[in-house]
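Student: Quick one, fold the following:
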Amino acid sequence: MSRYLDPKADVVFKKIFGEHPYLLKSFLNAVLPLTADNQIMELSYLPTEQVPHIPILKRTIADVKCTDAHGRVFIVEMQIDWTDTFKQRLLFGTSQAIVKQLEKGESYKLLQPVYGLGIVADVFDKDAPDWYHHYQLVKRGDGTNDVIEHLQLVFIELPKFPVQSTADKQLRLLWLRFLREIDEKTINVAQELLDIPEISEAVVLAEESAYTLGELNAYESYWDAVRIEKTLIEDNYEKGKIEGKAEGIAEGIEKGKIEVAKSLISQGIDLSIVSTASGLSAEELSKLIK
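Tutor: Numbering: from 1, shown residues only. I've put the predicted structure just below:
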């Protein structure tokens, strides 16, 4: 019986989509908002470039960058836990890809579209059922469909998409099911996934036997990093709650002191008694009276 590794992990994601362009082509054609006559026919990989250091996002992002025969650039990033900086990171990467298309003095007409795809194994929009988020530049105000096509971002929330497939988007849902369902706990792979040749090959590439000892160690290190970063995020959240609660209590006490002082002053009580009862200094009482 085969043991599978989670394709969302860096080493597995890159082995599947970063070393087999025909698998990445199938995946991108399925999940990106590309029309039937605008599909990716072939693609080649570009070197992954350094991005600015972002705290708590050190090792838990897997990214692949490629270009197709038309010169369009595609940046794919897999993120386990959502943080707001992930959106800015993908925007930064796509913006850089646009800028670096042109050499000095070249015409802007040569610019080709850049697509940023962020796949998130987390729910970041808890107030809406939508799981597919497509962003692009659109003119506002006059009701026209005036769109700048050159920069588009797509974010997919893996936990939220419906398993039920529709005829026109079946491949999209099957690829996303592959990412969501295959992991160390998988015993039997759904037949509908194996019926798609590209997904079936991706399943084989997710088998533990396809990895060297060094890759398996990297795989375990990846999940260790995920656990550490998740703990840091949770600790920071709890710390913020505690600090916020403490600030709220202090503010409430201060308001209570002022209300006591106001009540006693309105009754003509001597200010020395008011100071003792409320805990406010003579100077604070003087300001309050003014």
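Student: Just give me the neighbour total for Val154.
Tutor: Counted with other CB atoms under 10 Å, the neighbours of Val154 add up to 19. The C-beta positions use only the backbone N, C-alpha and C, and glycine is treated the same way.
Student: ditto for Ile289
Tutor: Using other CB under 10 Å, Ile289 has 11 other residues around it.
Student: Nearest spatial neighbour of it, chain-adjacent residues omitted?
Tutor: Ile265 (6.6 Å; CB to CB, 6 or more residues apart in numbering).
Student: which regions of the stretch 101-250 of the chain lie under the pLDDT threshold?
Tutor: Low-confidence segments of the stretch 101-250 of the chain, defined by pLDDT under 70: 142-144, 164-169, 232-250.
Student: Buried residues, stretch 106-125. List them.
Tutor: Going by neighbour count (16 or more other CB atoms under 10 Å), the buried part of stretch 106-125 is Pro113, Val114, Tyr115, Gly116, Leu117, Gly118, Ile119, Val120, Ala121, Phe124.
Student: what about the closest residue to the last one other than its chain neighbours, distance to Asp125?
Tutor: Same thing as Phe124. Nearest non-adjacent residue to Phe124, counting by CB to CB, 6+ apart: Trp82, 3.8 Å away. Per CB to CB, to the nearest Å, Trp82 is found 9 Å from Asp125.
Student: from the buried residues of stretch 106-125, which two are the most distant?
Tutor: Distances among the buried residues of stretch 106-125 were taken as CB to CB; the most separated pair is Pro113 and Ala121, at 26.5 Å.
Student: Contacts only, for the residue nearest to Ile289.
Tutor: The contact partners of Ile265, by CB atoms under 8 Å, 6 or more residues apart in numbering, come to Leu271, Val274, Leu285, Leu288, Ile289.
Student: Okay, helices next: where are they in the stretch 1-150 of the chain?
Tutor: 10-17, 21-31, 84-99 (DSSP state H, counting those that start in this stretch).
Student: Likewise for the stretch 151-290 of the chain?
Tutor: 170-181, 191-194, 197-205, 213-266, 271-278, 282-289.
Student: Go through the first one and flag the buried ones.
Tutor: Across helix 170-181, burial judged by 16+ other CB under 10 Å covers Leu171, Arg172, Leu173, Leu174, Trp175, Leu176, Arg177, Phe178, Leu179, Arg180, Glu181.
Student: got these as TSV, with distance to Tyr132 columns?
Tutor: As requested, those are exported to TSV (distance: CB to CB, whole Å):
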residue	distance to Tyr132
Leu171	14
Arg172	9
Leu173	11
Leu174	15
Trp175	13
Leu176	10
Arg177	14
Phe178	16
Leu179	14
Arg180	14
Glu181	18
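Student: Which of the residues you listed sits closest to Pro33?
Tutor: For the buried residues of helix 170-181, the closest approach to Pro33 (CB to CB) belongs to Arg172, at 10.3 Å.
Student: list the contacts for the nearest residue to the closest one once chain neighbours are set aside?
Tutor: Distances taken as CB to CB, 6+ apart put Ala30 closest to Arg172, at 4.4 Å, once the chain neighbours are dropped. Under the criterion of CB under 8 Å, 6+ apart, the contact list for Ala30 reads Lys169, Leu171, Arg172, Leu174, Trp175.
Student: Looking at these, which is nearest Leu23?
Tutor: Top of the list for closeness to Leu23, among the contacts of Ala30 and by CB to CB, is Trp175 at 9.5 Å.
Student: Quick check: the closest one touching Ser26?
Tutor: Yes - using CB atoms under 8 Å, Trp175 is in contact with Ser26, at 7.5 Å.
Student: Distance check, Gln39 against Val154.
Tutor: 16 Å.
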